[in-house]
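Visitor: quick one, what's the 3D model for this:
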Amino acid sequence: MGTVRAGEGAAVAILNRNEPAFYCVPASVYEVMLERLEDAALSKLTDERVADLGKTFKAKIEDGDIVFDD
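Guide: Okay, the predicted model is just below:
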């Protein structure tokens, strides 16, 4: 834990044979990273859905369910 404390709130790389084995980041930084990853995924989904706006699909209602034609 001393190594992590020495980072004074910044990300710290833990090395194994002079190669990064893992990184320790403060919880606040980790939360921001997760939010940005989620934002990126939602942005991609939005782009895909916007691209589909111009497409049309034939469908009918059967027994109260929407059925898309092939």
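Visitor: what separates the residue located most distally from the centre of the chain from Asp70, distance-wise?
Guide: Most distant residue from the mean C-alpha position of the chain: Asp63, 38.1 Å away (CA atoms, centre = their mean). Distance, Asp63 to Asp70, by CB to CB, to the nearest Å: 19 Å. Where you see a C-beta, it was placed from the backbone N, CA and C, and this is true even at glycine.
Visitor: and if you look at Gly54?
Guide: Applying CB to CB to Gly54 and Asp70 gives a distance of 20 Å.
Visitor: mind checking how far the helix ranked longest in the chain is from the chain centre?
Guide: Across the chain, the longest stretch assigned as helix under DSSP state H is helix 27-52. Averaging C-alpha positions (CA atoms, centre = their mean, to the nearest Å) puts helix 27-52 5 Å from its chain's average.
Visitor: hmm, back to that, more neighbours: which of Gly54 and Asp70?
Guide: Set side by side, Gly54 and Asp70 show more neighbours around Gly54, with 6 against 3, by other CB atoms under 10 Å.
Visitor: pLDDT averaged over the helix or strand where Leu15 lies - what is it?
Guide: Taking DSSP states H and E as the criterion, Leu15 maps to strand 12-16. Averaging pLDDT along strand 12-16 gives 92.
Visitor: so what are the sheet partners of it and their directions?
Guide: Paired neighbours of strand 12-16 in the sheet (DSSP bridges): strand 19-24 (antiparallel).
Visitor: show me which positions of the partner strand end up buried.
Guide: Neighbour-count burial for strand 19-24, with 16 or more other CB atoms under 10 Å as criterion, is recorded at no position.
Visitor: that strand: how far from the chain's middle?
Guide: The chain centre lies 21 Å from the centre of strand 19-24; the measure is CA atoms, centre = their mean.
Visitor: by mean pLDDT, flag the weakest helix or strand of the chain.
Guide: In the chain, no helix or strand scores lower on mean pLDDT, DSSP states H and E than helix 2-6, which sits at a mean of 79.
Visitor: packing partners of it?
Guide: strand 12-16 (3 or more CB pairs under 8 Å, 6 or more residues apart in numbering; DSSP states H and E).
Visitor: what does the strand it packs on rub up against?
Guide: Thr3, Val4, Ala6, Pro20, Ala21, Phe22, Tyr23, Cys24, Val25 (CB atoms under 8 Å, 6 or more residues apart in numbering).
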